[in-house]
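Trainee: With the sequence up front, the predicted model follows.
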Amino acid sequence: MSEDILKRLTQAVMDGNEKDAVRFCREAMERGLPARSVLENGLLPGIRKVGELFSAGEYYLPELLISGMAMQAAVAELEPLLNAGGAKTSVGKYLIGTVKGDIHDIGKNIVMMMLKGNGWEVTDLGVDVPPEEICRAIAEGDYDIFGMSALLTVTMPAADETVQAIVKAGLRDKIKIMIGGAPITREFAAKIGADGYAKDAFEAVNKALDLINRTQQ
Amino acid sequence: MMVIGEKINSSRKRIAEAIAARDRESVQREAKAQRDAGADYLDVNAAAFLEKEAECLRWVIETVQEVTDLPLCLDSPDPAVIRQVVPLVKKPPMINSVTLDRSRLEGILPLARDYQARVIGLCQTNDRMGKTAAQKVEIAGSLIEKITASGIGLDAIYIDPLVFPVAADTNSACATLDAIETIMKQHPGVHTVCGLTNVSHGLPGRKLVNRTYLVEAVARGLDAVILDPTDPQLYSAMRAALMLMGKDSFCLQYIKAFRKGLVE
C-alpha cells in the first residue's frame, strides 16, 4: 500500500503534476510514512528519472521545468516534518549568479529551479554580478558551491576574472566553483580553474552532488 | 521585408574554424549561398575571437566583399571594433547593435551617422533585458528618442524587441509579438527586426517553430529579419506570409521567388 503511494508520487513528479504531487505527499504522511522516506523513495526517484529522460533527449525543457515545479511544491509540504526531526534537510548551499557584463538569466534560473527541486538551498545573486560582490558573498556565507553562468563569448573572460578574484581573496579553498552557459566548454572550465562544468540543468544537478560528495569524503 | 543573412557568425563552429584558418573559400561560399537565396544584407560577426575580433572581422569583411556587392550588417557588441572596420565597407552598412547602454550609444551613433548606416537597437538597458511587452515598448521608445536625437532618421532605425525561448516561459514569444505590433503603431516609419532561432531553444522540431513564429511576426508588422535564407521552407513561409499580409504588390515577389525555385 505504502509502496503504491510512493510510486504514484514518483509518477506525479515525472508528469509534472503539481497538484497530484502535493496531494500524494499529504496522503503518504497521513498514512504515517516518514517524511524522509517520502522524499527519498517517492519524490527523488521521479526527478532523477526526469533528468535522465531529459539528458537522453526524450524529455524537453518545459517538461523538465514543470517536474521541477511539482518537486518544489511537494518538498515544501514535507519541509516542516523534515525540519522537525532536527536533521539536515538541504543537500547543500549553492550560490549562483551570471557574470559581470552579462544580463542573461533564463539558463541560470532553470539551473536554480532544478537545484531547489533536488533539495539544494540556493541563493541567487542575479545577473551582471561583479567579482567583488561574489567574493563578499562567499566570504560572508557558508556556501558549498558557487555556480556562474556566462552566455556570451564576450563575457567568458569575466568568468576567468571571477575565479581569479576568488583566488586572490584567499577564498578558493572555501568553495567549489561550477560554470555553464552556451559558449562554455569543459576545456574552458578547466582552463580557468573551475571545479566543474555542466552543459545543461540536469548535468548541473549531478555535478553539484558529485562535488559535494567528494568534499565530504 | 529586409532579410539579413545570419550565417557568417563566429558563434557557429564551422565559421569560427574558417575564420581562424583564414579559409576564404568557406566564408565566400556562405556569402554567395545567402546572396543567391535572397538576402538583402549579410551579417558578419567575429566576436568569438575576443581581443582579435577587429582583425578577424576586417578579414571577413574583405573576404565577403570580394564575392558580393550586398551591404553588410556589422555585428559586434564593441563600439571600438565597429569603429575600426566600418571604413572598409563598400556600401552603407547596418550596425548590429546598440542598446540603452550609454557607452554603446555614444560609441556607435556618431559612426552610424557619418557612414549613413542603419542601426539595430536591442530592447535592453545596461542591466536588464526587456521581458514583458510593456518593458520592450518602453525601452524601444527611449532608444528611438536617443537615436533620432543623434541625427539619424527614423527610417534607419531597426528595433529588435528580443526573442526568448518559449520553452522557458510560455508567454515570452507572445510578449515579443505584442511589442512588435505596438512599436510599429507608436512610431510610424521605424522598423522592427528580430532573430528567430532563440524562440525554439529546448524544443523538438525547431525549424517548424521558427518559421511559424516568423509568419506570426510578419502578421504583426515585423519588416526585417535575421535568418538563414538558405533554409527553403523558412524562406517560403516568409514569402507567403508577406503576400498574405498585403505586402507583396500583385504577388509578384512570391511568383518571382517561385520561378527562381526559392519557394517550395
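Mentor: Everything's here; your move.
Trainee: Now do residue 109: how many residues are near it, please.
Mentor: Here I'm looking at chain A. If you count neighbours by other CB atoms under 10 Å in any protein chain shown, A:N109 ends up with 19. All C-beta atoms are positioned from the backbone trio N, CA, C, and that covers glycine.
Trainee: ah, no, chain B please
Mentor: B:L109: 21 neighbours (other CB under 10 Å).
Trainee: Next, the contact list for the residue lying closest to it once chain neighbours are set aside, please.
Mentor: Leaving aside its sequence neighbours, B:L109 sits nearest to B:S150 (CB to CB, 6 or more residues apart in numbering or on different chains; 4.0 Å). Contact analysis of B:S150 by CB atoms under 8 Å, 6 or more residues apart in numbering or on different chains lists B:105, B:109-110, B:112-113.
Trainee: Filter those residues down to the buried ones.
Mentor: Buried by 16 or more other CB atoms under 10 Å in any protein chain shown: B:105, B:109, B:112-113, out of the contacts of B:S150.
Trainee: ok, now how distant is B:C123 from chain A?
Mentor: B:C123 sits 12 Å away from chain A when distances are taken as CB to the nearest CB, to the nearest Å.
Trainee: pretty sure that residue contacts B:L143?
Mentor: Yes. With contacts counted by CB atoms under 8 Å, B:C123 reaches B:L143, the gap being 7.4 Å.
Trainee: Quick check: neighbours shared by the two?
Mentor: Joint contacts of B:C123 and B:L143 (CB under 8 Å, 6+ apart) are B:I159.
Trainee: tell me which residues in the helix or strand where B:I139 lies are buried?
Mentor: Here B:I139, judged by DSSP states H and E, is contained in helix B:133-149. Under the neighbour-count criterion of 16+ other CB under 10 Å, helix B:133-149 has B:133, B:135-137, B:139-140, B:143-144, B:146-147 buried.
Trainee: circling back to that earlier point, I'd like the contacts of B:S150 as a markdown table, with pLDDT, secondary structure and distance to B:A39 appended.
Mentor: Listed next are these as a markdown table, based on pLDDT from 0 to 100; DSSP: H, G, I helix; E, B strand; the rest coil; distance: CB to CB, whole Å:
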| residue | pLDDT | secondary structure | distance to B:A39 |
| --- | --- | --- | --- |
| B:L105 | 96 | helix | 28 |
| B:L109 | 97 | helix | 26 |
| B:P110 | 96 | helix | 28 |
| B:A112 | 97 | helix | 21 |
| B:R113 | 96 | helix | 25 |
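Trainee: Out of these, which comes closest to chain A?
Mentor: B:L105 (16.3 Å; CB to the nearest CB).
Trainee: I figured the closest one was touching B:V98, is that so?
Mentor: Yes. Between B:L105 and B:V98 there is a contact at 5.4 Å, judged by CB under 8 Å.
Trainee: who touches both of the two?
Mentor: B:I147.
Trainee: The residue of chain A found nearest chain B: neighbouring residues, count only.
Mentor: Closest approach between chain A and chain B, counting by CB to the nearest CB: A:L61, at 3.0 Å. If you count neighbours by other CB under 10 Å, A:L61 ends up with 18.
Trainee: For the nearest residue to it once chain neighbours are set aside, give me its contacts.
Mentor: Leaving aside its sequence neighbours, A:L61 sits nearest to B:G202 (CB to CB, 6+ apart; 3.0 Å). Applying CB under 8 Å, 6+ apart, we find B:G202 in contact with A:60-62, B:165, B:167-168.
Trainee: how does it look with 10 Å?
Mentor: Listed by CB atoms under 10 Å, 6 or more residues apart in numbering or on different chains, the contact set of B:G202 reads A:54, A:60-65, A:106, A:110, A:200, B:165-168.
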